[in-house]
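Participant: okay, here's the prediction I keep looking at, along with the sequence it came from:
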Amino acid sequence: MPVHDLGYRKWVGKRNHQLIRPLFVARSGITLIWRRRMLKLLLMVAWLPIAIPAIGIFCFEQGVTDVTYRNVIIRTLQGPMERPDLATQMLQDPVSVRHEVWSTLILGFFRVPQLYSMVLLIGLIAPLLISYDLRSKAYLQYFSRPLSPNEYIVGKSAVIWFFLGMITTLPGLALYLLGILLSPEISVVGMTWDIPLRILLASVALIVPTTALALSYSACTVENRYASFAWFATWIMGSVAYQILTNAPRMGRGRRNSIDMDVDTERWLLVSPYHTLGKVETWIFGLDTGESSVWPAILILLAITVIGTLFVRSRLIARLSV
Amino acid sequence: MLGPNGSGKSTLIKSLLGLVRNHEGTGTVLGLQWPREVREIRDRVGYLPEDDCYIAGLTGIEAVAFMANLSGLPKTEGLRRAHEITDFCDIGEEKYRGVEAYSTGMRQKLKFAQALVHDPPFLILDEPTTGLDPDQRDAMLRRIRTLAREHGKSILLSTHILPDVKAVCDQVVILARGKVRVYDSVENLSKPAEPTLNVMTYGKKDAFLSGLDKAGYTVTAKADGTLKIIGTGVDQVSSVWDIAAATQTSIRRLVPAQNSLEEIFFQAVSAAEHP
């Protein structure tokens, strides 16, 4: 019993605008996810790979004035980064390749560690978002309020956007800021002003379609483990299929690289979400040297977003009609 | 709102809230155009669903505060109001536990609190006493009565439990096969077609019956021995007493007859099924 029972009292006050109500859906989802220790740990671990491009930017900026560091960067460009053209330019005029080196380092960060972290993070959180609501019939509670299915989807998507933003956009921007802070002069901002915009655009390209895909899996079933399985299977099977289809022509012809073998690495790109995203991100950072057009990849991502969102919407409406 | 399973009660409620698509028909709810303004309607309606539904992972107080926020109450105000309403609904310290661990009765109280948290003028309660023990059921009905009579709330109660209807309702709607079969006040429905007195007596009643017959009353006997004096209102009770005195009959019980809600319900349903 309460210490002082007031009984029922009327409530008079100003209500929030309807447009900001989906934010409460997002906030509630974020709060729930944030309670999981595993997720906090994963978020921290996802930030660790930032050290590699950060060291790269540090070495590059030191290399502008210091030959020792310049040699380190040149060796890296020639070796692991497979950009001998940039290495040559770096030797002649280091400042002229700043934009491209920074972009390459940040793109590398987006392409490899963050894409894997994204797959893992979404695989852990997204299936919980709608599957749980379907299982516990929570959608009846949501939609008994002035909330439309679209606003509900936006609210749920925002949970994923938030966490993905924390492991992709935020570290990407932090890398850029680090580069600025390490640069010898402020004019660097003028040379690299577009990189933050490219980071934001690459984040959107990464986050929006993957969220729509993950939510559509989550809306498929009341068993979140099936949604998780489908999610991971999509990425693994896509990559495996791409590798097999791309590398089939060189099977039994020794270990030589794809350029020597004249293998078309972009022909089967669209079967793998990982490589499709990679193509678009590379294009956004202005580093796409592939022969094929980026538009099929962009269209695929757009189609995933639209179809995924419509599917989630139709599943919710169908549930309400029961 | 009464009706057998599948009569369309829940569908009607979902239609009112715009949760299912309406193919035809218009109307008004709280002066708002239905179905055009369903969002505004939902803003002013508190809905307690029949289904066992909850948002997994939240504690009771968070679940109520969350519904308050979705209805537009600011964050802090939503939490304050949630505490106030959980106290009113007698959720007690259980509000700090996760809703998944709640019993059916507690979940019912939680849903009631969620329906009420934004102080709606109109409450739609779909089977609100399901899963409650007798004490909690009485308490729930008391709360519903308090809200309707002291706080001016309009309440639509959808139930199968006829005693609940008698306890709290002023009007009755009986649905069967998707159509309204009966709509009237409980008071009018309780009145028989013509005034009737139910009389129970001690011992033999032959003399009393013949006395009534001689006085021109129409009397039928029910299976439990009750005599129904048809066409006789409470204004004629004194003459019945006189006949009993004259025939030396002891009257055990004498009450004006009322239609039972059960009878009305079964009649309406069977009329719908066997037109």
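Facilitator: Happy to help now that I have it.

Participant: the residue nearest to A:His275 when sequence neighbours are not counted: neighbour count?
Facilitator: Distances taken as C-beta to C-beta, 6 or more residues apart in numbering or on different chains put A:Leu269 closest to A:His275, at 4.8 Å, once the chain neighbours are dropped. Quick note: C-beta positions are derived from backbone N, CA and C, even for glycine. Per other C-beta atoms under 10 Å in any protein chain shown, the neighbour tally for A:Leu269 reads 22.

Participant: show me the contacts for A:Leu269.
Facilitator: A:242, A:275-276, A:279, A:292, A:297 (C-beta atoms under 8 Å, 6 or more residues apart in numbering or on different chains).

Participant: kindly report the same for B:Lys179.
Facilitator: B:8, B:272.

Participant: just the pLDDT for it.
Facilitator: With respect to pLDDT, B:Lys179 scores 89.

Participant: and what of B:Ile243?
Facilitator: The model's pLDDT for B:Ile243 equals 91.

Participant: assign it to helix, strand or coil.
Facilitator: Here B:Ile243 is helix, with the state taken from DSSP: H, G, I helix; E, B strand; the rest coil.

Participant: any idea how far it is from A:Ala54?
Facilitator: 106 Å (C-beta to C-beta, to the nearest Å).

Participant: again with A:Asp85
Facilitator: If you go by C-beta to C-beta, the gap between A:Asp85 and A:Ala54 works out to 24 Å.

Participant: which ones are touching the closest residue to chain A within the stretch 51-200 of chain B?
Facilitator: Relative to chain A, the nearest point of the stretch 51-200 of chain B is B:Gly72 (3.1 Å; C-beta to the nearest C-beta). Contacts for B:Gly72 (C-beta under 8 Å, 6+ apart) come out as A:15-18, A:21, A:146, B:43, B:118.

Participant: torsion angles phi and psi at it?
Facilitator: Torsion angles at B:Gly72 (phi, psi; degrees, to the nearest 10) stand at phi 100, psi 0.

Participant: distance check, it against A:Arg145.
Facilitator: Distance from B:Gly72 to A:Arg145, by C-beta to C-beta: 9 Å.

Participant: neighbour-wise, which of A:Asp85 and A:Ala54 wins?
Facilitator: Between A:Asp85 and A:Ala54, A:Ala54 has the larger neighbour count (other C-beta under 10 Å), namely 18 against 13.

Participant: list the contacts for A:Met191?
Facilitator: Neighbours of A:Met191 in contact, by C-beta under 8 Å, 6+ apart: A:95, A:98-99.

Participant: can you show me the helices along the stretch 1-150 of chain A?
Facilitator: Remark: helices assigned in the stretch 1-150 of chain A by DSSP state H, counting those that start in this stretch are A:21-34, A:37-47, A:51-63, A:67-78, A:84-92, A:98-109, A:115-135, A:139-143, A:149-167.

Participant: please name whichever of the ones you listed is nearest to B:Leu156.
Facilitator: helix A:139-143 (16.4 Å; C-beta to C-beta).

Participant: quick one: low-confidence parts of the chain?
Facilitator: All of this is about chain A. By pLDDT under 70, the low-scoring segments of chain A are A:1-5, A:250-263, A:322.

Participant: that was the other one, I meant chain B.
Facilitator: Short version for chain B, where the test is pLDDT under 70: B:275.

Participant: now the helices for it?
Facilitator: B:9-16, B:38-44, B:60-70, B:75-88, B:104-116, B:134-150, B:162-168, B:186-190, B:206-214, B:237-246, B:261-273 (DSSP state H).

Participant: residues contacting the fourth one, please?
Facilitator: Among residues not part of helix B:75-88, those counted as contacts by C-beta under 8 Å, 6+ apart are A:2, A:5-9, A:11, A:13, B:60-61, B:64-66, B:68-69, B:73, B:92, B:95, B:113, B:116-119, B:143.

Participant: equivalent analysis for the last one, please.
Facilitator: Defining contact as C-beta under 8 Å, 6+ apart, one finds that helix B:261-273 is touched by B:2-4, B:7, B:162, B:165-166, B:172, B:174, B:176-177, B:179, B:181-182, B:186, B:189-190.

Participant: name the residues of stretch A:148-158 that are buried.
Facilitator: Applying a neighbour-count criterion of 16 or more other C-beta atoms under 10 Å in any protein chain shown, the buried positions in stretch A:148-158 are A:148-149, A:151-158.

Participant: how about stretch A:224-236?
Facilitator: Buried residues in stretch A:224-236, counting neighbours by 16+ other C-beta under 10 Å, are found at A:224, A:227-228, A:230-231, A:234-235.

Participant: just curious, which of the residues you listed is nearest to chain B?
Facilitator: Distance to chain B across the buried residues of stretch A:224-236 (C-beta to the nearest C-beta) is lowest for A:Asn224, with 10.3 Å.

Participant: the closest one: what's it in contact with?
Facilitator: Listed by C-beta under 8 Å, 6+ apart, the contact partners of A:Asn224 are A:127-128, A:131-132, A:218.

Participant: likewise for B:Pro4?
Facilitator: B:Pro4 touches B:176, B:269, counting by C-beta under 8 Å, 6+ apart.

Participant: how many residues are close by the residue nearest to B:Thr220 when sequence neighbours are not counted?
Facilitator: Spatial nearest neighbour of B:Thr220, chain neighbours left out: B:Lys228 (4.9 Å); criterion: C-beta to C-beta, 6+ apart. For B:Lys228, the number of neighbouring residues by other C-beta under 10 Å comes to 16.

Participant: tell me, how many residues neighbour residue 6?
Facilitator: Since you didn't name a chain, this refers to chain A. Counted with other C-beta under 10 Å, A:Leu6 comes out at 10.

Participant: meant chain B, my bad for not saying
Facilitator: Neighbour tally, B:Gly6, other C-beta under 10 Å: 12.

Participant: again with B:Lys205
Facilitator: 22.

Participant: so who does it touch?
Facilitator: Applying C-beta under 8 Å, 6+ apart to B:Lys205 gives the contacts B:227, B:249.

Participant: report the separation between it and B:Ser250.
Facilitator: 10 Å.

Participant: among the contacts of helix B:75-88, which ones are buried?
Facilitator: Buried members of the contacts of helix B:75-88, scored by 16+ other C-beta under 10 Å, are A:8, A:11, B:60-61, B:64-66, B:68-69, B:73, B:95, B:113, B:116-119, B:143.

Participant: enumerate the positions of stretch A:73-88 that are buried.
Facilitator: A:73-74, A:76-78, A:81, A:83, A:86-87.

Participant: show me what contacts the closest residue to A:Asp133 other than its chain neighbours?
Facilitator: With sequence-adjacent residues excluded and distances taken as C-beta to C-beta, 6+ apart, A:Asp133 is closest to A:Tyr139, at 5.3 Å. Contacts for A:Tyr139 (C-beta under 8 Å, 6+ apart) come out as A:133, A:152, A:316, A:319-320, B:53.

Participant: now rank those by neighbours and give me the top one.
Facilitator: That'd be A:Asp133 among those, by other C-beta under 10 Å, with 26 neighbours.

Participant: does that residue really touch B:Tyr54, like I thought?
Facilitator: No: the pair A:Asp133 / B:Tyr54 is not scored as a contact, 9.9 Å apart, by C-beta atoms under 8 Å.

Participant: ok, for residue 128, nearest residue in space, not its chain neighbours?
Facilitator: Chain wasn't specified; assuming chain A. A:Asn224 (5.5 Å).

Participant: actually, chain B is the one I wanted.
Facilitator: For B:Pro128, ignoring the flanking residues on the chain, the nearest one in space by C-beta to C-beta, 6+ apart is B:Leu48 at 5.5 Å.
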